[in-house]
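Enquirer: Sequence below, structure please.
(one chain, ligands or ions: 1)
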Amino acid sequence: MTLDDAVLTRHTVKAFEAGQTLPQEKIDTLLNVLRNSPSSVNSQPWHFVVASTPEGREAMAKATGGAFVYNEPKVLNASHVIALCMRSDLDDAHLQKVLEQEQKDGRFVAEGAKAGQDKGRRSYVDMHRFELRDIPQWMEKQVYLALGGLLLGAAMLNIDATPMEGFDARALDHALGLREKGLTSVVLVSLGVRSENDFNAALPKSRLPRDEIFTFI
Ligand SMILES: Cc1cc2nc3c(=O)[nH]c(=O)nc-3n(C[C@H](O)[C@H](O)[C@H](O)COP(=O)(O)O)c2cc1C
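Expert: Below you'll find the model as predicted:
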């Protein structure tokens with residue numbers, strides 16, 4: 001699969017074949033994509049809940065009632081459903097945890113590198129907390145970067161996927177016990193094998209023209 005093929009052939013799957021399980025090896029590759037996703041100042045303000053059992057998918061589907069019921073089969077019939085979550089705050093304990101991990105991973109070779117990294121990261125965090133006052137939006141942007149990587153990764157592995165903002169975040173947070181852990185859900189991705197009822201597979205892709213979206217200078 002070339003990158004061009006992946007971006008042209010991937011589409012949002014509207015119906016999955018129930019009972020199909022994706023190979024663990026491919027799932028592990030996608031989890032690796034998520035874990036290694038870039039984030040501003042390496043803040044990694046995320047957590048990913050992966051449902052691969054009927055019970056797990058049913059827990060996710062608690063968030064696809066009411067107005068979001070059109071997404072319910074995409075959750076229940078998928079092989080895996082990943083809830084991409086963000087932290088509710090970028091607190092001191094998290095910043096310290098990231099710093100210690102960077103040290104463990106051998107990032108601080110030069111003297112003073114650890115203190116410098118900590119100071120630099122905190123200056124960005126302070127800017128977003130006090131001047132821009134957009135810590136939640138900033139964290140959410142990082143989660144959406146991870147979403148992009150996940151969707152492209154799935155396409156490269158020939159895995160069918162559905163990104164979903166159409167779910168009740170409050171219900172999902174409750175079903176997964178996220179808020180007690182300082183987390184909240186942002187977006188869901190179902191992964192699996194598309195069924196013959198996936199009407200989107202036969203439809204052509206639609207994007208605004210190249211001339212309209214690029215400016216070359
Ligand atoms: C963040 C995000 C949320 C989306 N939410 C839903 C959703 O809840 N249900 C759904 O069927 N499709 C959803 N979509 C799919 C989009 O409608 C789709 O990506 C867009 O129409 C382009 O089509 P394509 O993905 O097939 O190329 C979502 C896509 C993104 C990126």
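Enquirer: Contact partners for Arg122?
Expert: Applying C-beta atoms under 8 Å, 6 or more residues apart in numbering, one finds that Arg122 lies in contact with Leu95. C-beta here means a position set from N, CA and C on the backbone, and glycine is covered the same way.
Enquirer: So it belongs to a strand, correct?
Expert: No - looking at Arg122 with DSSP: H, G, I helix; E, B strand; the rest coil, it is helix, so not inside a strand.
Enquirer: if I look at the residue lying closest to Pro45 once chain neighbours are set aside, how far off is Leu183?
Expert: Leaving aside its sequence neighbours, Pro45 sits nearest to Met139 (C-beta to C-beta, 6 or more residues apart in numbering; 4.0 Å). Counting by C-beta to C-beta, to the nearest Å, the separation of Met139 from Leu183 is 11 Å.
Enquirer: between those two, which one's more packed in?
Expert: Met139 (23 against 20; other C-beta atoms under 10 Å).
Enquirer: Got the phi and psi for that one?
Expert: Here is the backbone geometry of Met139 (degrees, to the nearest 10): phi -70, psi -40.
Enquirer: Same question for the residue nearest the centre of the chain, what's its three-state structure.
Expert: Nearest residue to the geometric centre of the chain (C-alpha atoms, centre = their mean): Leu147, 3.6 Å. Here Leu147 is helix, with the state taken from three-state DSSP.
Enquirer: Tell me who's in contact with it.
Expert: Neighbour list for Leu147: Leu84, Pro163, Val187, Val189 [criterion: C-beta under 8 Å, 6+ apart].
Enquirer: What about Tyr149, how many residues nearby?
Expert: One correction, residue 149 is Gly, not Tyr. Residues lying near Gly149 (other C-beta under 10 Å) number 16.
Enquirer: distance of it from Leu84?
Expert: With C-beta to C-beta as the criterion, Gly149 and Leu84 are 11 Å apart.
Enquirer: Mutual contacts of those two, please.
Expert: Jointly contacting Gly149 and Leu84 under the rule C-beta under 8 Å, 6+ apart are Leu34.
Enquirer: Phi and psi next, for Leu183.
Expert: phi -130, psi 160.
Enquirer: residues from this structure in reach of the ligand?
Expert: Selection of the chain residues close to the ligand by C-beta under 6 Å from any ligand atom yields His11, Thr12, Lys14, Asn71, Thr162, Pro163, Met164, Glu165, Gly166, Val187, Asn200, Lys205.
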